[in-house]
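*Asks:* coords please:
(2 chains)
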Amino acid sequence: MASAKEIADKAERDDIRSRWLLSAPALLIVFLAALGPLLIVVVYSFLTPGNYGDVKWQFSTDAWVSVLLERDVFDDTLSLASAHLSIFWRSVSLSAMTTVLTLIFGFPTAYFIATRPEHRRDIWLFLITIPFWTNLLIRTFAMQEVLRNDGLINWVLQALGITGHPVQLMYTNFAVLAGMVYVFLPLMVLPLYASMEKIDFRLVEAGYDLYATRLQVLRRIIVPLVTPGIVAGSILVFIPSLGAYVTPRVLGGGTSLMIGNLIELQFGQGRNWPLGAALSIALMAIVMIALLFYVRNTTRSDGSHG
Amino acid sequence: MADRFDVRRQTGFASMAMLCFFLLYLPIATLVVYAFNDNESLAIWKGFSLRWFHAAWNNSLVIESSIRSFEIAAIAAILATISATMAALATTRTKPYRGLTFKYAFINQPLMVPEIVTAVALLIVFSRIKIWTGYSGLGYLILAHTAFCVPFAYLPIRARLESMDLSLETAAADLYATKWQTFRHVTLPLLWPGILAGLMLAFVVSLDDVVITEFVKSGGQDTLPTFMLGQIRRGVTPEINAISTVFLALSIGIVTAFFFISRKRT
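*Replies:* You can find the predicted model right below:
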């Protein structure tokens, strides 16, 4: 006769099996149209480019070499690929600046919302989420309306007599930066708010009792308390900025490319699919490192509180 | 009497926040205002007119791509929500078992990879399948959209499941309800707001997608966002503003509905 333990074990095994069955459709869909194709990208990055796009099934590490290096046509020597490097540098620096600027704008905004009376916070948050759920392309296009030669900023500048002719704002790094800050700001405000909402203001009061100034309270009490929110917001802004495609394409045109646009070019006129695949994997690796950093950071801060 | 000392106040934060809200809405407001401009070029305001809304309405490309967008979003959102609900039931309210974290990471994987990378990956795979099978219908777009909608549907449903009171289900079981009866009459009604939230998120996310659609679509399969991207590249007339305004109104409508549903929940 089966013992009680055996019956319990069997029930548990059955339970786990039914749980696998239940999750099978979701896993299958994600595998077919997200994870599986990614594995194929890894394979493609080690193949030879075909003559008219696509690939030849011939092993080659050329794509990975040309991510960072370029081969001289005449003497076959390798040197740093300056075109790629300048695009990498632009992507990383614009993403970093986007993160800092969204933090500068987002921090006071999230603090403002978190210090409203409880029944009014919802409505302020709602005002942040509306642009967040508005189509990204439409928000980017809206930014174009502001930056165009005959757009809002130039109209104001000319009406005030500051300039006689329009200032070129579109298709510059500034335009891409302004667009990304605009588009990703809600991603900074929301996690910041989530951690500010939990601030215990008795600590702040204690600070003032000990003759701290407002700035000292901000630096020594509030900022340390909301560090997890700052980290979460920064990651949430930095990662999509790095992979941004629509915003640099619309506001940066052909002159202010980022990694996303460089990848696309390899599947268009450049027609070097393996290079495009290698660039994609490289971008993904950077993102994974940033995520890993975030995960390590959050688990550490959780540990110190527990 | 002097004002009470407010410990929460920080100098300049309120004005910075107001500036922030102003800057968030200024571009959108500009876009909407110009949609009503009675002028060929965007530059000069010539008076109020609905002509660009008429133009968009009579543009068969706009209507076709809008219908296609809704078709894809509706099917993808429903498929994603059903599979995400099942997956959420399978990954909550259990003691940790082998593969639980694996499943969690697997389902959320589309959120962790930059969209352009997924788009390129799908281009590589689907272009080959298109040649092999000869089929180039909407199926590819629907599958791709369903995949990136799964995590958006999964997260609110899972959150709802985890905050649910287990005692009601235990009570049902005590009263000899079968597993299915318990699910149908106890769990599902309680889970409903989460499912609705997941469905709406998935729908909006699918409707908004540009990058993946741009790489996966075959000729003549523009959705509204990819159609607009093409137009913006070619230089714009206020027709794009008119289309954006309608799209904007729709998004705000959905988000507002979402806001009130989630508010009722708490």
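*Asks:* which residues make contact with stretch A:281-296 from outside it?
*Replies:* A:38, A:41-42, A:45, A:67, A:231-232, A:235, A:238-239, A:242-243, A:259-260, A:263, B:112-114, B:116-117 (C-beta atoms under 8 Å, 6 or more residues apart in numbering or on different chains). Quick note: C-beta positions are derived from backbone N, CA and C, even for glycine.
*Asks:* I meant stretch B:200-208, not that one.
*Replies:* Here stretch B:200-208 makes contact (C-beta under 8 Å, 6+ apart) with A:133, A:135-137, B:69-70, B:72-74, B:76-77, B:80-81, B:84, B:145, B:148-150, B:152-153, B:156, B:224-225, B:251, B:254-255, B:257-258, B:261.
*Asks:* Of all residues in chain A, which one is closest to chain B?
*Replies:* Closest to chain B within chain A is residue A:243: 2.7 Å, counting by C-beta to the nearest C-beta.
*Asks:* Quick one: the helices in chain B, in order.
*Replies:* Using DSSP state H, the helices of chain B run over B:13-35, B:51-58, B:60-91, B:100-112, B:115-133, B:139-162, B:167-174, B:179-182, B:188-208, B:211-216, B:224-233, B:238-265.
*Asks:* same check, this time on the stretch 151-300 of chain A
*Replies:* If you assign secondary structure with DSSP state H, counting those that start in this stretch, the helices in the stretch 151-300 of chain A sit at A:152-159, A:173-196, A:201-209, A:214-217, A:223-225, A:227-242, A:246-252, A:259-267, A:273-305.
*Asks:* Pass me the low-pLDDT residue ranges in chain A, would you?
*Replies:* By pLDDT under 70, the weakly predicted segments of chain A are A:1-2, A:269-270, A:299-306.
*Asks:* ok, now the stretch 151-266 of chain B?
*Replies:* Low-confidence segments of the stretch 151-266 of chain B, defined by pLDDT under 70: B:262-266.
*Asks:* Can you name the residues of it sitting close to chain A?
*Replies:* B:154, B:204, B:207-208, B:210-211, B:215, B:225, B:228-229, B:232, B:236, B:240-241, B:244, B:247-248, B:251-252, B:254-255, B:259, B:263 (C-beta under 8 Å from any C-beta of the partner chain).
*Asks:* Pull out the buried members of those residues.
*Replies:* B:154, B:204, B:207-208, B:210-211, B:215, B:225, B:228-229, B:232, B:236, B:240-241, B:244, B:247-248, B:251, B:255, B:259 (16 or more other C-beta atoms under 10 Å in any protein chain shown).
*Asks:* could you list every residue that touches residue B:109?
*Replies:* Shown in contact with residue B:109 (C-beta under 8 Å, 6+ apart): A:30, A:34-35, B:151.
*Asks:* Turn these into a markdown table, including distance to residue A:123, neighbour count and secondary structure.
*Replies:* Shown next, in a markdown table, are these (distance: C-beta to C-beta, whole Å; neighbours: other C-beta atoms under 10 Å in any protein chain shown; DSSP: H, G, I helix; E, B strand; the rest coil):
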| residue | distance to residue A:123 | neighbour count | secondary structure |
| --- | --- | --- | --- |
| A:30 | 36 | 25 | helix |
| A:34 | 36 | 28 | helix |
| A:35 | 40 | 17 | helix |
| B:151 | 28 | 27 | helix |
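*Asks:* Looking at the residues you listed, which two lie furthest apart in space?
*Replies:* The span of these, defined through C-beta to C-beta, is set by A:35 and B:151 at 12.0 Å.
*Asks:* Hmm, residue A:87 is touching residue A:259, no?
*Replies:* Yes. At 6.4 Å, residue A:87 and residue A:259 qualify as touching, with contact defined as C-beta atoms under 8 Å.
*Asks:* quick one, which of those two is more surrounded?
*Replies:* residue A:259 (27 against 21; other C-beta atoms under 10 Å in any protein chain shown).
*Asks:* ok, for the more buried one, nearest residue in space, not its chain neighbours?
*Replies:* Spatial nearest neighbour of residue A:259, chain neighbours left out: residue A:91 (4.6 Å); criterion: C-beta to C-beta, 6 or more residues apart in numbering or on different chains.
*Asks:* Am I right that that neighbour falls within a strand?
*Replies:* No. Per DSSP: H, G, I helix; E, B strand; the rest coil, residue A:91 lies outside any strand segment and is helix.
*Asks:* That one and residue A:263 touch, don't they?
*Replies:* No. With contact defined as C-beta under 8 Å, residue A:91 does not reach residue A:263; the gap is 10.8 Å.
*Asks:* quick one: contacts for residue 216?
*Replies:* Since no chain was named, I'll use chain A. residue A:207.
*Asks:* if you could check chain B rather than the one you did, that'd help
*Replies:* Residue B:216 touches B:119, B:122-123, B:126, B:140-141, B:144, counting by C-beta under 8 Å, 6+ apart.
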